[in-house]
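Colleague: Predicted model, plus sequence, below.
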Amino acid sequence: MRALALLLCASALQADVRFEVSFPEEHFDEAYSGRVYVVLSSARSSGDPGPKMHTWFGPPPVLAIDVAEIEPGGRVLLAPGGAVLGHPHSIEEFPAGSYRAQAVVRVDPDSPKAGLGEGDWLSEVTEVVLARDEDLTVALSLTRPTARPTLTDEPRAHAFELESERLSAFHGRPITMRGAVLVPDGWEIEVLRDYPVVYFVMGFGQTHVDGVDIFRRYPPDHPSRKVLVVLPDPSCYWGHHVLANSALNGPWGDAFTHEFVPAVEEAFRGARSAEQRYLTGGSSGGWASLWAQLQYPEHFAGVASMAPDPVDYRSFLGEDLYREGANVYRDAQGAARPFLASSNRVWFTVEDFFAREHVLGPGGQLRSLEAVFSPVLADGTPRPLFDRATGAVDPVTASAWRAHDIGHLFRTSWNEDWNGKVKIWAGDKDEFDLDGAVALLAATVEEHARDAHVEVIEGLNHQLHKPGMDALWETALERWARR
């Protein structure tokens, strides 16, 4: 059996290949509506192929189809000539070769990743050989339930959950806010002592579980071990809620600030004081922590935002969203815009990236931003920012996004309560070109004499942590010591 890299060079199938996914009555007690996936990985790969479809680098090929009201005991057929989505190949053009196939469905309404949510279903992995001239039907039965990842065995880490009144009322069903709390050294012994709190928001595709693993690698003398570190789970059905109130996702900003924060500090002896409460994060978490500081300045003492998602929409994926004729796929010369590039290598373009996101459905990076910033359409989906076929930006949607354009807010609506509380860093080698927006924001700060620190650091890439983190920890400890 050959590796997938060789298979992709093979000629496409001439045969009628079908994937039949069954919903056993013993596992499904009601009709299923949603997207059904079949993921095919290299014959030499290991583990479940299904969840790996969410990886950005070297993901396995995936096929998908939307279905409605599939009764228990029913079957779904993915076959040529149907409404089957595929990436990087359509089902009609799939390369011949040997694969490991697995079916996936998403049931969890709060998970952005099919096959990784509570109550999602997988089939067993089936080895298949797709031959050029040989018809084949591959039977896959959804028999394996999944569960959300849980915290690893870390003595400092405690899980925290809270059913949100605001989010539950908005969605009309119980919504649980999750997170992890890393307690400082001596917390179990010094039971009468309270602590400053640092809220660390993870980036896109990460949860509080990933955050615990990151802090596990910090040295024993790291200053984060002297404060309460709270890792809120930023994931939701559409991707990353970025601690923002949204017409589609619901009032995540209000729920975090007015419900989650006081509850977690009460439970873990946080200082329960705005002067001892800080925000930080990187990438989408950098934008989220910055937004929370700007929206609720009286509740937080300061933010260290690192390599945040675009903070000025005059530089979004390298494009000025407000420019007439703006296009996120192509620049003014017609060249394809990179979504991720480093060391003179383009890993994938915006168009390629969205092509896969389109097959995976809700939960992807670009759709996640639309779910926060865009108006909601009659079908309950966010209004697209751009034409999916051409990349042309919709000026109506772009205008709606201005309400979350931090550069615009800094220029036109500066709040004196933000003075001295905002610190933002990015590296000029950022692989997602996020430094362009930060540079525009830095120019705005200088031009309008805003009391904020915004800096692009030479030579650093998207994995920017140390400057912002060190400043934040030291500030938190100094202020706590002066109480």
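Modeller: Thanks, I have the structure now.

Colleague: And Glu163, how far from Ala263?
Modeller: Taken as C-beta to C-beta, to the nearest Å, the spacing of Glu163 relative to Ala263 amounts to 10 Å. (C-beta placed from N, C-alpha, C; glycine too.)

Colleague: and the two? which has more neighbours close in?
Modeller: Ranked by neighbour count (other C-beta atoms under 10 Å), Glu163 and Ala263 place Ala263 first, with 15 against 11.

Colleague: what sits against the nearest residue to Leu136 once chain neighbours are set aside?
Modeller: Nearest residue to Leu136, sequence neighbours excluded (C-beta to C-beta, 6 or more residues apart in numbering): Val17, at 5.1 Å. With contact taken as C-beta atoms under 8 Å, 6 or more residues apart in numbering, Val17 is in contact with Ala79, Pro80, Ile91, Phe94, Leu130, Asp135, Leu136, Thr137, Val138.

Colleague: run the last query once more with 7 Å
Modeller: By C-beta atoms under 7 Å, 6 or more residues apart in numbering, Val17 lies in contact with Phe94, Leu130, Leu136.

Colleague: Any chance of a ChimeraX selection covering the buried ones in the residues you listed?
Modeller: The following ChimeraX line selects those of these that are buried, judged by 16 or more other C-beta atoms under 10 Å:
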select :94,130
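
Colleague: Low-confidence ranges, the protein, go.
Modeller: Residues of the chain that meet the criterion pLDDT under 70 lie in 1-15, 464-471, 473, 479-483.

Colleague: mind redoing it with 80?
Modeller: Scanning the chain for pLDDT under 80 picks out 1-15, 132-134, 152, 343, 463-483.

Colleague: For the stretch 351-483 of the chain, which segments count as helices?
Modeller: 365-373, 395-401, 406-412, 435-447, 466-481 (DSSP state H, counting those that start in this stretch).

Colleague: For Asp221, which of the ones you listed is the nearest?
Modeller: Nearest to Asp221, of all those, is helix 466-481, at 11.6 Å by C-beta to C-beta.

Colleague: Quick test: name the residue nearest the centre of this protein.
Modeller: Centroid check for the chain by C-alpha atoms, centre = their mean gives Phe204 as the closest residue, at 2.9 Å.

Colleague: one step back: of the contacts of Val17, which belong to strands?
Modeller: Judged by DSSP state E, the subset of the contacts of Val17 located in strands is Leu130, Leu136.

Colleague: In terms of distance to Ser315, which of the contacts of Val17 ranks first?
Modeller: When the contacts of Val17 are compared against Ser315 (criterion: C-beta to C-beta), the nearest one is Phe94, at 38.4 Å.

Colleague: For that closest one, grab phi and psi.
Modeller: With angles defined as degrees, to the nearest 10, Phe94 sits at phi -70, psi 140.

Colleague: care to break the chain down by domain?
Modeller: Per automatic domain parsing, the structural domains of the chain span 4-145, 157-312+405-481, 338-402.

Colleague: how close does the residue nearest to Leu136 get to Glu298?
Modeller: Applying C-beta to C-beta, the value for Val17 to Glu298 is 61 Å.

Colleague: And Thr390, by the same measure?
Modeller: Thr390 sits 44 Å away from Glu298, going by C-beta to C-beta.

Colleague: re the thing from before, surely the residue nearest to the centre of the chain and Ser283 touch.
Modeller: Yes - Phe204 is within contact range of Ser283, at 6.1 Å (criterion: C-beta atoms under 7 Å).
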